[in-house]
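Trainee: sharing a model prediction with you, sequence too.
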Amino acid sequence: MKNKYMMAAICAAAVTMLAACGSDTATQKEEASGTEQSAQDVSEQAADGAQDTAGDGTSEDVSDSASQESSIPAIDISGLETTTLKDIDVDKLVVLGEYKGLSLDVTKKEVTDEDVENSINSAFTSNPLMKEVTDRAIENGDTANIDYEGKYADTKEAFDGGTAQGYDLAIGSGTFIPGFEDGLVGVKAGETVDLDLTFPENYGSADLAGKAVVFTVKVNSIKTPDKEPSDEWAKSLGEEGVETMEDLRAHIKEDLEKDAQEDYEAALRNAAVETATDNATVDEIPEKLYNRYFVQIYESAQNYVQQIYYSYGMQFTVEEYVSNVMKENGVTGTVEEYFAELANKQAKRCMVLEAIAHKEGIEISGETVDQYIQEDFDQYFYQGYSTIEEYKETFDPEDYREQIMAEKVSEFLVENAAS
């Protein structure tokens, strides 16, 4: 489902959480597909130093955030009674304003040659062509393929998790404990060295923290990143029809133009929805409907915070995380007040869309809902659930109906906007 037009940003510069009509299923889908989740300001900080926790010589930055008691009051959503759009009489509560012939001030981004080159440079920086080195020893910035075995210095016994074969180690990345990567600088392919090292005192494994160890390391091969993009690199990316850099430029420009068109269409739908909502009057937002969107927004934030923990090992409460993001972006008030503002806006937005659907005869059949559910299951959730019936047990089908309704109404608004 194309649901980007119904995004509600919680401090947009730092975190985006879906707060659309029927957002429960949308949020699940974003998690499954790994899209629409941006938390650069906070999650990148969380990632710093949060590497492997296994006892294999990799570095570990242990966060004590999980043990700190939050000073921000927790929001309790457990007792909130909810209802859905179909269970309220929106036609009595909503007075529609102008929603046809809307002027939508949206400009499509033009893709430039500079955009293409920036995309190429970004791709090359993150995934350069690696070339084998045979005429020199390891230097910082190289990737060494190694076999290693770690033993306690006193007993000479191998410790759990300290042995591997064919491991690709980027020298200078700080992936392994201090001294390991530096100890390989100057070693040539085919050579074996013993590294006398000591695990950090705060290492996550009590069996290794502060212990003196010896790593016996054999260097199998050395690779270094190529200096600049080339036809060979372009071909190595495996894109269909791409054999040269010129092919790659054309391919990337086509992709960027598709993205620009999708962004433009999404911006049109979003502008149409917001304008139609602003033009309408909602006499009353039923408390249970407000609760529905408050719960959705809170659970969306909750799921997002869990993803940060799974990805980076950093643990926050929803309230801690959102409060921090609010401060980063100059948003005042409490987390609960902010969620309440979002919930009220979302309730009005969805009530207006439902009222337009009623007036224009836009109906969403059960067959359509089933079709969307099947498509989502086939594309996103087939690995997470044994059967589609098991997947269906995790949500209310009304979540889907509301979201499809919002999609169809937004398309109607754009089609009937001023040319």
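Mentor: Arrived safely, thanks for sending.
Trainee: and the longest helix along the chain, what's its mean pLDDT?
Mentor: The longest helix of the chain (DSSP state H) is helix 245-279. Average pLDDT, helix 245-279: 96.
Trainee: where does this protein dip in pLDDT?
Mentor: 1-70 (pLDDT under 70).
Trainee: domain ranges for this structure?
Mentor: 4-97+280-415, 130-225 (automatic domain parsing).
Trainee: first to last residue in the last one, what's the distance?
Mentor: I take that to be domain 130-225. 5 Å (C-alpha to C-alpha, to the nearest Å).
Trainee: beyond the helix or strand hosting Ala164, next helix or strand please.
Mentor: Element membership of Ala164, judged by DSSP states H and E, is strand 158-170. Under the assignment DSSP H and E, the closest C-terminal helix or strand after strand 158-170 is strand 192-198.
Trainee: is it true that Asp115 lies in a helix?
Mentor: Yes - using DSSP: H, G, I helix; E, B strand; the rest coil, the assignment for Asp115 is a helix.
Trainee: that one is in contact with Asp255, isn't it?
Mentor: No - shown here, Asp115 and Asp255 do not form a contact pair, counting by C-beta atoms under 8 Å, at 10.7 Å. The way it works is simple: take the backbone N, C-alpha and C, and place the C-beta from them, glycine included.
Trainee: okay, and Thr82 sits in which element?
Mentor: Thr82 belongs to no helix or strand, assigned by DSSP H and E.
Trainee: so how far is Ala355 from it?
Mentor: 20 Å (C-beta to C-beta, to the nearest Å).
Trainee: same drill for those two, tell me which one is more crowded.
Mentor: Shown here are Thr82 and Ala355; by other C-beta atoms under 10 Å, Ala355 has more neighbours (23 against 17).
Trainee: leaving out the residues flanking it, which one is nearest to the more buried one?
Mentor: Val94 (4.0 Å; C-beta to C-beta, 6 or more residues apart in numbering).
Trainee: distance of the one you found from Ala276?
Mentor: For Val94 relative to Ala276 (C-beta to C-beta), the value is 11 Å.
Trainee: name the residues contacting each of the two.
Mentor: Here Val94 and Ala276 share the contacting residues Val352, scored by C-beta atoms under 8 Å, 6 or more residues apart in numbering.
Trainee: for the strand holding Ala164, name the packing helices and strands.
Mentor: strand 143-152, strand 212-225 (3 or more C-beta pairs under 8 Å, 6 or more residues apart in numbering; DSSP states H and E).
Trainee: can I get these in TSV with mean neighbour count and distance to Thr394?
Mentor: Listed next are the helices and strands packed on strand 158-170 as TSV, based on neighbours: other C-beta atoms under 10 Å; distance: least, C-beta to C-beta, whole Å:
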stretch	mean neighbour count	distance to Thr394
strand 143-152	19	42
strand 212-225	18	44
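Trainee: sorry, back to before: residues in contact with the strand holding Ala164?
Mentor: Here strand 158-170 has contacts from 54-57, 141-152, 175-176, 181, 184, 205, 207-208, 213, 215, 220, using C-beta under 8 Å, 6+ apart.
Trainee: any idea how far it is from the chain center?
Mentor: Once both centres are worked out by C-alpha atoms, centre = their mean, to the nearest Å, strand 158-170 turns out to sit 30 Å from its chain's centre.
Trainee: so what strands line up beside that strand?
Mentor: Here strand 158-170 has these sheet partners by DSSP bridges: strand 143-152 (antiparallel).
Trainee: distance to Phe377 added to the helices and strands packed on strand 158-170, as JSON lines?
Mentor: Listed next are the helices and strands packed on strand 158-170 as JSON lines, based on distance: least, C-beta to C-beta, whole Å:
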{"stretch": "strand 143-152", "distance to Phe377": "39"}
{"stretch": "strand 212-225", "distance to Phe377": "41"}
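Trainee: out of these, the one nearest Ser126 is which?
Mentor: Nearest to Ser126, of all the helices and strands packed on strand 158-170, is strand 212-225, at 10.6 Å by C-beta to C-beta.
Trainee: distance check, Leu268 against Thr125.
Mentor: With C-beta to C-beta as the criterion, Leu268 and Thr125 are 33 Å apart.
Trainee: and if you look at Val318?
Mentor: Val318 is 34 Å from Thr125, by C-beta to C-beta.
Trainee: dump the residue contacts of the spatially closest residue to Ala340 that is not a sequence neighbour.
Mentor: Nearest non-adjacent residue to Ala340, counting by C-beta to C-beta, 6+ apart: Phe294, 6.7 Å away. Counting by C-beta under 8 Å, 6+ apart, Phe294 touches 77, 80, 339-340, 343.
Trainee: and Asp247, by the same measure?
Mentor: Residues counted as contacts of Asp247 (C-beta under 8 Å, 6+ apart) are 234, 241.
Trainee: number of nearby residues for Thr175?
Mentor: Thr175 has 17 neighbours, counted by other C-beta under 10 Å.
Trainee: again, but for Lys359
Mentor: So Lys359, with other C-beta under 10 Å, has 12 neighbours.
Trainee: quickly find the element holding it.
Mentor: Going by DSSP H and E, Lys359 is part of helix 335-360.
Trainee: buried residues in that helix?
Mentor: Residues of helix 335-360 classed as buried: 335-336, 338-340, 342-343, 346-358 (neighbour count, 16 or more other C-beta atoms under 10 Å).
Trainee: and that helix with helix 245-279, angle?
Mentor: Taking axes from the mean of the first three to the mean of the last three C-alpha atoms, to 10 degrees, one finds helix 335-360 and helix 245-279 inclined to each other by 90 degrees.
Trainee: cool, thanks, signing off.
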